[in-house]
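J.: no FASTA, just this:
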């Protein structure tokens, strides 16, 4: 797809021979798309002459793993201009559109101000959200790529942004000199593959990069790179690689073969218990004319003797009982007399009967039994702990009334 797009306005040629100044003299843009061979010093001199003297434009594309994965030494040339392609990977930690984590969709990665302002004017997909910075509306695809180290005199055009790992690391470096020579290095060669070139944003970035390398219509100032936020390139130990190596904690074991008997890997002479020198120790007593006696325990003598042990007795400390929860007591029921309690009880029953409907004001048997039991409790006819039926209570009251005899008057 990219070749068909270029054939409209460009003459595309492929070079498989050794680089020569005469061949590059008629080339406007020279592309190193994932070189898989090492360059010679003469070829580096040809590229240097092409950029610095002839004013040509050089586009370098690599991928994940950097030089080690592609078996090339192109960084030796790029380092002269402040650009270095790292041997790492760019990964998106959460699923978003693409299933593979290395098929990253970068948001807010266009850090060159004039570049993202130009892209916002085009017909590309923008995130419909009110960001504080409009550059976060631009999302482009960056598959199977690596990060870069960019320093002066080069500048950063694209970064990983705040979402893709590693955060805020350069993805695209750009260098230009006063003679029109330009170098554009990108850490992913798949960014313009047919699958990802269908994305309108990737297509727009390709058109912009081509215009940048083609002529002088795009010029940057120092204000375009004022708001570039970059994080340091931090390296971490490859734990998976070390875990697969035997004796990874011993420096001498790296690169050596594993012995058949694993006990040979340990030096037992450093720390061991043995009686081999016991005879020499006993013979040393005779040579030094010292009487040989078994060792005895010497009791220690302290300058300040310890006091005699005594039992530590302390008087018990009892906690004060809490105050009675008076709000849980019915004071009228506790301190009022029996007649007052009977009157209060009878008033409550009459009030409950009057609140009912006229046809239902008759007291039922259960309410009557409860009334009789409560009156017997108040007058102490029966014990509170006894559960006596109402008929038995009335029988006791009737017997007391029958046996009642008034005292004779004097």
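T.: Cool, got the structure. Given the structure is predicted, the values throughout are model-derived calculations rather than measurements.
J.: which residue is nearest the middle of this protein?
T.: When the chain is reduced to its mean C-alpha position, the closest residue under CA atoms, centre = their mean turns out to be residue 93, at 10.9 Å.
J.: Just give the closest residue to that one, not the sequence neighbours.
T.: residue 165 (6.0 Å; CB to CB, 6 or more residues apart in numbering). Heads up, the C-betas are built off the backbone N, CA and C, glycines and all.
J.: longest helix of the chain?
T.: Of all the elements of type helix in the chain, the one with the most residues (DSSP state H) is helix 338-354.
J.: Just to check, residue 172 is in contact with residue 160?
T.: No: distance between residue 172 and residue 160: 10.7 Å, which falls outside the contact criterion (CB atoms under 8 Å).
J.: what are the phi and psi values for residue 110?
T.: Dihedral angles of residue 110 (phi, psi; degrees, to the nearest 10) stand at phi -80, psi 100.
J.: what's the closest non-adjacent residue to it?
T.: The shortest distance from residue 110 to any non-neighbouring residue, by CB to CB, 6+ apart, is to residue 116 (4.1 Å).
J.: residues making contact with the helix or strand encompassing residue 45?
T.: Assigned by DSSP states H and E, residue 45 belongs to helix 41-52. Residues outside helix 41-52 that contact it (CB atoms under 8 Å, 6 or more residues apart in numbering) are 18-21, 24, 27, 30, 39, 56, 58, 76-77, 80, 177, 179, 181-183.
J.: Drop anything exposed from those.
T.: By the neighbour-count criterion of 16 or more other CB atoms under 10 Å, the contacts of helix 41-52 include these buried positions: 19, 24, 27, 30, 39, 56, 58, 77, 181, 182, 183.
J.: Could you measure from the fourth one over to residue 12?
T.: Using CB to CB, to the nearest Å, residue 30 is found at 12 Å from residue 12.
J.: In the host helix or strand of residue 67, which residues are buried?
T.: With secondary structure defined by DSSP H and E, residue 67 is part of helix 66-70. Within helix 66-70, the residues that count as buried by 16+ other CB under 10 Å are 66, 67, 70.
J.: Could you do stretch 105-121 as well?
T.: For stretch 105-121, a neighbour-count test (16+ other CB under 10 Å) marks 105, 106, 107, 108, 109, 110, 111, 112, 113, 115, 116, 119 as buried.
J.: same check, this time on stretch 215-232
T.: Neighbour counts using 16+ other CB under 10 Å place 218, 220, 224, 225, 228 of stretch 215-232 among the buried residues.
J.: Looking at the residues you listed, which one is closest to residue 149?
T.: Taking CB to CB as the measure, residue 228 is the one of these closest to residue 149, at 13.8 Å.
J.: which residues touch the nearest residue to that closest one once chain neighbours are set aside?
T.: Once flanking residues are discounted, residue 228 sits nearest to residue 111: 4.7 Å by CB to CB, 6+ apart. By CB under 8 Å, 6+ apart, residue 111 lies in contact with 135, 156, 157, 158, 159, 225, 227, 228, 229.
J.: cutoff 7 Å now
T.: When the contact criterion is CB atoms under 7 Å, 6 or more residues apart in numbering, the partners of residue 111 are 156, 158, 159, 228.
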